[in-house]
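Visitor: coords please:
(one chain, ligands or ions: 1)
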Amino acid sequence: MHTIGALALHAGTKVQTIRYYEEIGLMPAPERSAGGQRRYGEAARDRLAFIRHARQLGFPLEAVRELLGLADTPDRSCADVDAMRTPESAAALARAARVLPGGNTRSSLWAAPYPLSITGGAGCRITDADGHSYVDFLGEFTAGIFGHTCAALEQALTAAHRGGFGLSSHTPYETELAGELAARFPSIELLRFANSGTEANVMALAAARLVTGRDRIVVFAGGYHGGVLTFGQGNAPVNLPLDFAILPYNDPQAAAREFAASGDSIAAVLVEPMQGAGGCTVGTPAFLQALRELCDGSGALLIFDEVQTARMAPGGAQELLGITPDMTTLGKIFGGGLAFGAFGGRKAAMERFDPAHADPIPHAGTFNNNRLTMAAGLEAVRHHLTPAALAALYARGEAFRAALNDLFADHGGAFHVTGMGSVMNIHGTGPDAAIRRDRLRLLQFRMMERGFYFAARGLIALSFPLGEAETGGFLDALDAVLAAGRARPET
Ligand SMILES: Cc1ncc(COP(=O)(O)O)c(C=O)c1O
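Guide: Below is the predicted model:
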């Protein structure tokens, strides 16, 4: 137990601040000791630390209330809102909200009380609407592997633009890019381009259903394959109305049971070798190999969603694992910074997309072979996503994740990091999900204050321009934040 004296240390004004927070409902009322002295428990002390830091970072009281899950308490304090650190981001969101619901057009960017509005970037740095500069450790949720500016990609885009875009026809770029990708991925003999990872997965599932003549699709809890294929919290209401079996990830026995019960009706198993949005949960080789064998035994198609994991090696995670799926879906990095998707696989499955096939599967899309995307993708694959560059980035990520975990452990283990290579996720440690989430958000605020940016949900994706100076700077800043001693594990 800590007395209010211990909390307030030497400053009398802190006592007033705490009383004020009590009055407006942010702090629980103190207990009274036998002598009538005010006493606060450990939880109250933690909450005070949270409130004060959120306030120092410029969050107004109503935002702090929301962060603490107290949004409905009567607000007697909003008049008191003082200077915020990021008022222009708040104002930008308010302006956007007039024409975009909640000011948002991409749900994953939202984080209470409001996300930063980023106005520009160069290399591995970004600048927010208030002029604060950050080293970007989020890397556009893994798509931004090239950083925010890249002279060679700019030249490739300019050349394609000068040569004419939207040519209403086949163009040479798509053949060359398809050739590069087919040469890299063991599972891809033929492929088709799309405009996003979501679309690639939607089309891969359509292909699997039409080729096998079956309807059931096995996916995994925590999986994310796009806006209409989201399994973070069961079968999202926005998902495609397909016959999904949602199984636990990394559980070969559960998969075996599903195949024993319904193997004849399973068209495909759609799986990420590492669940990216699911917190960078790495699939075990035994689990992924078991899926390979179950599909072989039943005639279902095994589809690896490598939209995030393709960066792990020239042939993606499947190359590292030595497991060859029947189909692979790609996205993000292969568009050289532009919207991109692709799905491919064995000839037997993909040849149905040949328009001259006796029973063709149609797949239209105005921008499927967009010349700008194809040109940027080709430049990216040939000159940037080289085997040496990917291996170096993978190694940098492995070392960085290990250093982060060591640092968190040294500071009491309030957080830990999971992931593979250059993609990883910080997690709060402890039994209470709400506290874990708030602590992680607070850690993010503190790191933003020191000029380092990563996702509110803890995602970090390294990019080529992020070097040792930046990862070292991140570790030093994190050390200072943790040493401040307030982000302790749950008690
Ligand atoms: C594993 C995975 N699959 C599919 C997608 C969807 O890709 P897109 O956002 O390009 O539609 C994502 C996006 O984050 C992803 O991480």
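
Visitor: and whatever residue of the stretch 101-250 of the chain ends up closest to the ligand, what is it in contact with?
Guide: Nearest residue of the stretch 101-250 of the chain to the ligand: residue 197, at 2.4 Å (Cβ to the nearest ligand atom). C-beta coordinates here come from the backbone N, C-alpha and C atoms, glycine included. For residue 197, the contact set (Cβ atoms under 8 Å, 6 or more residues apart in numbering) comprises 225, 226, 305, 307, 329, 330, 331, 332, 341.

Visitor: mind putting the residues you listed in TSV, pLDDT included?
Guide: What follows is those, written out as TSV (pLDDT from 0 to 100):
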residue	pLDDT
225	98
226	98
305	99
307	98
329	98
330	98
331	98
332	98
341	98
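
Visitor: Sort out for me which of those residues are in strands.
Guide: Within the contacts of residue 197, residues falling in strands by DSSP state E are 305, 329, 330, 331, 341.

Visitor: circling back to that earlier point, residue 341 versus the residue of the stretch 101-250 of the chain closest to the ligand, what's the distance?
Guide: Separation of residue 197 from residue 341 (Cβ to Cβ, to the nearest Å) stands at 5 Å.

Visitor: where do the contact lists of the two overlap?
Guide: By Cβ under 8 Å, 6+ apart, residue 197 and residue 341 have these common neighbours: 307, 329, 330, 331.

Visitor: How many residues are close by the second one?
Guide: The reference is to residue 329. Using other Cβ atoms under 10 Å, residue 329 has 31 other residues around it.

Visitor: what about the residue nearest to it when sequence neighbours are not counted, how many neighbours?
Guide: Take residue 329 and drop its neighbours on the chain: the residue closest to it by Cβ to Cβ, 6 or more residues apart in numbering is residue 200, 4.2 Å away. Using other Cβ under 10 Å, residue 200 is surrounded by 30 other residues.

Visitor: right, and the helix or strand after the helix or strand that contains residue 200?
Guide: For residue 200, the host element (DSSP states H and E) is helix 197-212. Using DSSP H and E, the next helix or strand after helix 197-212 towards the C-terminus is strand 216-220.

Visitor: Packing partners of that following strand?
Guide: With contacts defined as 3 or more Cβ pairs under 8 Å, 6 or more residues apart in numbering; DSSP states H and E, the packing partners of strand 216-220 are helix 197-212, strand 243-247, helix 252-262, strand 266-271.

Visitor: Out of these, which one sits most buried?
Guide: Across the helices and strands packed on strand 216-220, averaging neighbours per residue (mean count of other Cβ atoms under 10 Å) puts strand 266-271 on top, at a mean of 26.

Visitor: Got the phi and psi for the residue in the stretch 301-450 of the chain that the ligand sits nearest to?
Guide: At 3.5 Å from the ligand, residue 307 is the closest residue in the stretch 301-450 of the chain, using Cβ to the nearest ligand atom. Main-chain dihedrals, residue 307, degrees, to the nearest 10: phi -60, psi -40.

Visitor: Thought residue 334 was touching it, still the case?
Guide: No. Using Cβ atoms under 8 Å, residue 307 is not in contact with residue 334, being 9.6 Å away.
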